[in-house]
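Participant: Fold the following.
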Amino acid sequence: MPPRSPKTDVEVLLLLFIWLVATPYLAPIYSRLFPGTDPPVYQGDTLFDLFLWQALVVIAASMAAAALGIGAGVFVTRDAGRDFRASASMLATIGQTFPPVALLAIAVPAIGYGFWPTFIALALYGVLPILANTVAGIEAVSPASRDAARGMGMTPGQILRRVELPLGMPVILAGVRTAVVINIGTAALGSTVGADTLGTPIIDGLVVDKLAYVIQGGVAVALMAIAADLAFDRLQRRMTRYQSTIA
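Facilitator: Predicted structure coming up:
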C-alpha cells in the first residue's frame, strides 16, 4: 500500500468534528441555500449527540460481530470444525443478504424499539466479512511456519495464538474494517425503529421534505465512515509491518 500522510487522518477527523459542532451556527447559509426550509437546521438532538449514540451502537455491534466471526472462523479451521465450514458460511451469508430493514422489523415485536433491534441487525450484518477473512487469514499461514512452531514444541492452542492469528491478523482486520464501515452506513436505518443515530435528521428530512436535514445527517454519516476507514487502514499497515518481522 502506498504511504499516506498522517495529515489526511487529522484533516478528516477535524472536518467531522467541525461538521458536528458547527452545523447549528450555519443557519444563515442553509437559509439561503434552502429558502423554503424553516427552521433551516435540524432542531432535534444535536449532531454531536447523535454521533455519539451511533458510535456506541456501531462499536457494540461490531465487537459482537467480531467475536462471532473470529470465533466461528477459528472453529471451522480446526480439525473438529471443518465439517461445519459450509454451514457457518451459509448462515453468515444469509445474515448479510437479509435486508437490514427486515431484520429490524422482525426484531421490534420481540424486543421493542430503540438500541437493541439496531444492535442485533448490525451484529448479524457484520459477521460474514469477518468470518470469511478470518478463514482466509488463518489458511494463508504457510505450512512451514506451523511446522516450525510444532518443532519448537508448541501446542495447537499456542500455534493458533502465537503464529496463525498474528500472521493472519492483517487479513482479519480487513474483514473487521469492512464490517465497521458497512455498519456505520446501515446504523442510520436504526432511526426507523426509534434508535438515536445520525439517520434521525435524514429520516425526518425525508418525511417533512426538508433536504437540508438530509444533507446535515448524510454528510455526518459519510465523514464518520471515512474516518473509521482511515483509522483501520493505519492499523492494518502497522499489523502488516509487525507481520513482516515475525514471518
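Participant: Run through this protein and note the low-pLDDT ranges.
Facilitator: Residues of the chain meeting the criterion pLDDT under 70: 1-7, 242-247.
Participant: Quick check: closest non-adjacent residue to the residue most central in space within it.
Facilitator: Geometric centre of the chain, nearest residue: residue 180, 0.9 Å, by Cα atoms, centre = their mean. Closest residue to residue 180 apart from its sequence neighbours, by Cβ to Cβ, 6 or more residues apart in numbering: residue 62 at 4.9 Å. Just so you know, the C-beta spots here come from the backbone N, C-alpha and C atoms, and that holds for glycine as well.
Participant: ok, that neighbour - how many residues close by?
Facilitator: Close neighbours of residue 62, defined as other Cβ atoms under 10 Å, add up to 24.
Participant: any idea how far the residue in the chain sticking out farthest from the centre is from residue 138?
Facilitator: Seen from the C-alpha centroid of the chain, the residue lying at the greatest distance (Cα atoms, centre = their mean) is residue 151, 38.8 Å away. Per Cβ to Cβ, to the nearest Å, residue 151 is found 20 Å from residue 138.
Participant: again, but for residue 65
Facilitator: According to Cβ to Cβ, residue 65 and residue 138 sit 18 Å apart.
Participant: Looking at the two now, which is surrounded by more residues?
Facilitator: Higher neighbour count among residue 65 and residue 138: residue 65, with 28 against 22, using other Cβ under 10 Å.
Participant: Find the residue closest to that one in space, skipping its chain neighbours.
Facilitator: Excluding the flanking residues, the one nearest residue 65 by Cβ to Cβ, 6+ apart is residue 126, at 3.3 Å.
Participant: residues contacting that neighbour?
Facilitator: By Cβ atoms under 8 Å, 6 or more residues apart in numbering, the contact list for residue 126 reads 61-62, 65-66, 69, 179-180, 182-183.
Participant: could those be laid out in CSV, adding secondary structure and distance to residue 173?
Facilitator: Listed next are the contacts of residue 126 as CSV, based on DSSP: H, G, I helix; E, B strand; the rest coil; distance: Cβ to Cβ, whole Å:
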residue, secondary structure, distance to residue 173
61, helix, 17
62, helix, 12
65, helix, 13
66, helix, 10
69, helix, 12
179, helix, 10
180, helix, 10
182, helix, 15
183, helix, 15
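Participant: Tabulate these (JSON lines), appending distance to residue 43.
Facilitator: As requested, the contacts of residue 126 are exported to JSON lines (distance: Cβ to Cβ, whole Å):
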{"residue": "61", "distance to residue 43": "28"}
{"residue": "62", "distance to residue 43": "30"}
{"residue": "65", "distance to residue 43": "34"}
{"residue": "66", "distance to residue 43": "37"}
{"residue": "69", "distance to residue 43": "39"}
{"residue": "179", "distance to residue 43": "33"}
{"residue": "180", "distance to residue 43": "30"}
{"residue": "182", "distance to residue 43": "30"}
{"residue": "183", "distance to residue 43": "27"}
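Participant: So which of the residues you listed is the closest to residue 195?
Facilitator: Proximity of those to residue 195 (Cβ to Cβ) peaks at residue 61, which lies at 11.1 Å.
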